[in-house]
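> okay, predicted coordinates and the sequence, questions at the end:
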Amino acid sequence: MEVMELLYDVNEEAKVRFLGFATETTRYDFGIVYTHRFFGKPMVVCMQTGQSTLLSSEDTLNPKHLQEIFKLSCLTQANELSQFFRDNLPSMPFQDQY
């Protein structure tokens, strides 16, 4: 059996925000986990599909990236999410993690 080296084991009380909204064609449900890990980026989880990513407000400026991550069928949906996340994710400076 291969030896494993534990890299970290951290307990943290994180702030979690659940947001749901609907457009004319689509319903969205997300959980946003704010933590001191991940270089200050919140972890965003689509509650419908389980898809998740680390997402900063700067990342929201690229709708095609959102379309790929959340497996959206069209760019219109990605643009809707881009606007939603720009309005709801805090602008955070990059934090050194290591």
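Thanks, I have it. Source: prediction; values computed, not measured. Numbers count the residues shown, from 1 in each chain.

> show me what counts as buried in stretch 44-61.
If you call a residue buried by 16 or more other Cβ atoms under 10 Å, then stretch 44-61 has these buried ones: 44-46, 53-57, 59-60. Glycine gets a C-beta too; all of them are placed from N, C-alpha and C.

> lowest pLDDT pick from the residues you listed?
Here the lowest pLDDT out of those sits on Ser57, with 85.

> what's in contact with stretch 55-74?
40-44, 46, 49, 51, 53, 75, 77-79, 81-82, 85-86, 89-92 (Cβ atoms under 8 Å, 6 or more residues apart in numbering).

> so how far is that stretch from its chain's centroid?
A distance of 9 Å separates the centroid of the chain from that of stretch 55-74, by Cα atoms, centre = their mean, to the nearest Å.

> okay, how far is it across it, tip to tip?
Start and end residues of stretch 55-74 are separated by 20 Å (Cα to Cα, to the nearest Å).

> surely Val45 touches Leu19?
No: shown here, Val45 and Leu19 do not form a contact pair, counting by Cβ atoms under 8 Å, at 10.9 Å.

> run through the bridge partners of the residue most central in space within the chain.
Centroid check for the chain by Cα atoms, centre = their mean gives Val44 as the closest residue, at 2.4 Å. Here Val44 sits in beta bridges with Ile32, Thr53, going by DSSP bridges.

> let me know the closest of the buried residues of stretch 44-61 to Glu13.
Comparing the buried residues of stretch 44-61 against Glu13 with Cβ to Cβ picks out Val45 as the nearest, at 17.6 Å.

> quick one, what contacts that closest one?
30-33, 51-52.

> try it again with 7 Å
Going by Cβ atoms under 7 Å, 6 or more residues apart in numbering, Val45 touches 30-31, 52.

> ditto for Glu80
The contact partners of Glu80, taken as Cβ under 7 Å, 6+ apart, are Thr23.
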